[in-house]
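K.L.:
Give me coordinates for this.
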Amino acid sequence: MINSQYLSAAKKNSFPGYEKLKLETELHADYAYYRRAVNLIADFGAKLIQVVWRKMLPTEVDKADRCVGDFGYELLLRGKYDLAVSILEFGATLRNLSSDRTRRMMIVNLANAHKLSGNTDKCEAVLIGEDWSSSSIEFRICIAAIRNDVEQTVALMNEFGRGKGIGLEGYQEWPAFFHIRDNSQFKETVTEIFGVEFVPSAREKSSINQVIEMLRQKSGEPQKQISEVKPKEGQSVH
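P.N.:
Sure thing, here's the model as predicted:
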């Protein structure tokens with residue numbers, strides 16, 4: 001229900017249509033509002049955890065790096081591009097990352113998050129902000145794929161062969177290859193290298209809840225069960 005505090009905050013922040021709001025009017029949260037709220041909480045919560053984790057346990061910076069990088073990647077993989085951009089921008093600019101490779105992985109995924117959300121200019125701006133000339137061939141393959149440069153991607157794939165790092169699963173699943181995996185030349189090259197028909201993994205969209213559960217399974221952490229709360233006599237549970 002709208003109260004005086006809500007009205008004051010709505011006016012102060014120029015909430016759209018605040019002039020029409022009235023005291024004691026019932027408010028409703030539609031799906032779009034709920035989705036935005038969940039994204040904001042997930043975004044803030046992930047960043048707060050990182051700051052506290054690094055402050056309290058500086059010896060675990062490598063674990064913290066993997067956590068923020070994996071979260072950004074899973075969001076990207078599951079179609080949560082705006083949230084992926086926010087998390088990966090934050091992660092790539094953290095001080096004292098465990099390695100430059102970790103930072104560059106987040107930058108590549110950040111560029112791809114921009115590309116998949118339709119912001120090609122921002123994607124390219126992120127990529128040209130780094131010197132990739134001395135990077136490993138895995139990075140250069142992914143960057144060429146994100147740029148839709150099939151000729152360069154295929155040339156690097158043939159040079160790389162069955163090297164460790166990407167592998168058949170990588171070509172089938174990684175979001176970097178979403179842009180070119182329907183290209184016949186790309187598919188033929190995968191088949192030539194691995195000797196099997198190229199079958200891309202399905203692109204699925206998931207809720208934030210599902211993304212977090214996937215991360216938990218990846219880390220091997222058991223799911224915490226919430227015990228049933230029984231109200232005392234005369235109480236209600238909300």
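
K.L.:
low pLDDT regions in the chain?
P.N.:
204-206, 214, 218-238 (pLDDT under 70).

K.L.:
Nearest residue to residue 10 in space, please, no chain neighbours.
P.N.:
In space, and not counting its chain neighbours, residue 10 is closest to residue 18: 3.9 Å by CB to CB, 6 or more residues apart in numbering. (Glycine included, C-beta is placed from N, CA and C.)

K.L.:
buried set for the lengthiest helix in the chain?
P.N.:
Ranked by residue count, the top helix of the chain under DSSP state H comes out as helix 31-56. For helix 31-56, burial by neighbour count (16 or more other CB atoms under 10 Å) applies to 39, 42, 43, 46, 47, 50, 53, 54.

K.L.:
elements contacting that helix?
P.N.:
helix 61-77, helix 81-92, helix 208-219 (3 or more CB pairs under 8 Å, 6 or more residues apart in numbering; DSSP states H and E).

K.L.:
got the buried residues for the one helix or strand residue 114 maps to?
P.N.:
Using DSSP states H and E, residue 114 sits within helix 100-116. Across helix 100-116, burial judged by 16+ other CB under 10 Å covers 102-116.

K.L.:
what packs against it?
P.N.:
Using 3+ CB pairs under 8 Å, 6+ apart, helix 100-116 sits against helix 61-77, helix 81-92, helix 120-128, helix 137-146.

K.L.:
Which one of those lies nearest to residue 158?
P.N.:
For the helices and strands packed on helix 100-116, the distance to residue 158 is smallest for helix 137-146, at 10.4 Å, taking CB to CB.

K.L.:
Can you name the residues in contact with the closest one?
P.N.:
Contact with helix 137-146 is made by 104, 108, 111-112, 115, 123, 127, 132, 152-153, 156-157, 159-160, 163, 165-166, 174, 176-177, 179-180, as judged by CB atoms under 8 Å, 6 or more residues apart in numbering.

K.L.:
just the helices and strands packed on helix 31-56: most buried one?
P.N.:
Mean neighbours per residue, mean count of other CB atoms under 10 Å, is largest over these for helix 81-92, with a mean of 22.

K.L.:
Could you check the angle it makes with helix 208-219?
P.N.:
40 degrees (axes from the mean of the first three to the mean of the last three CA atoms, to 10 degrees).

K.L.:
Roughly how far does the closest residue to residue 96 other than its chain neighbours sit from residue 55?
P.N.:
Leaving aside its chain neighbours, residue 96 sits nearest to residue 61 (6.1 Å; criterion: CB to CB, 6+ apart). Per CB to CB, to the nearest Å, residue 61 is found 11 Å from residue 55.

K.L.:
CSV for the helices and strands packed on helix 31-56, including distance to residue 6?
P.N.:
Shown next, in CSV, are the helices and strands packed on helix 31-56 (distance: least, CB to CB, whole Å):
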stretch, distance to residue 6
helix 61-77, 31
helix 81-92, 27
helix 208-219, 26
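
K.L.:
Neighbours of the nearest residue to residue 201 once chain neighbours are set aside, how many?
P.N.:
Excluding the flanking residues, the one nearest residue 201 by CB to CB, 6+ apart is residue 173, at 4.6 Å. Residue 173: 17 surrounding residues under other CB atoms under 10 Å.

K.L.:
Quick check: residue 173 touching residue 199?
P.N.:
No: Residue 173 lies out of contact with residue 199 (CB atoms under 8 Å); the separation is 10.7 Å.

K.L.:
now the nearest residue to residue 90 once chain neighbours are set aside: how far from residue 7?
P.N.:
Residue nearest to residue 90 in three dimensions, not counting chain neighbours: residue 47, with 5.5 Å by CB to CB, 6+ apart. To residue 7, residue 47 is 30 Å away according to CB to CB.

K.L.:
Understood, closing this out.
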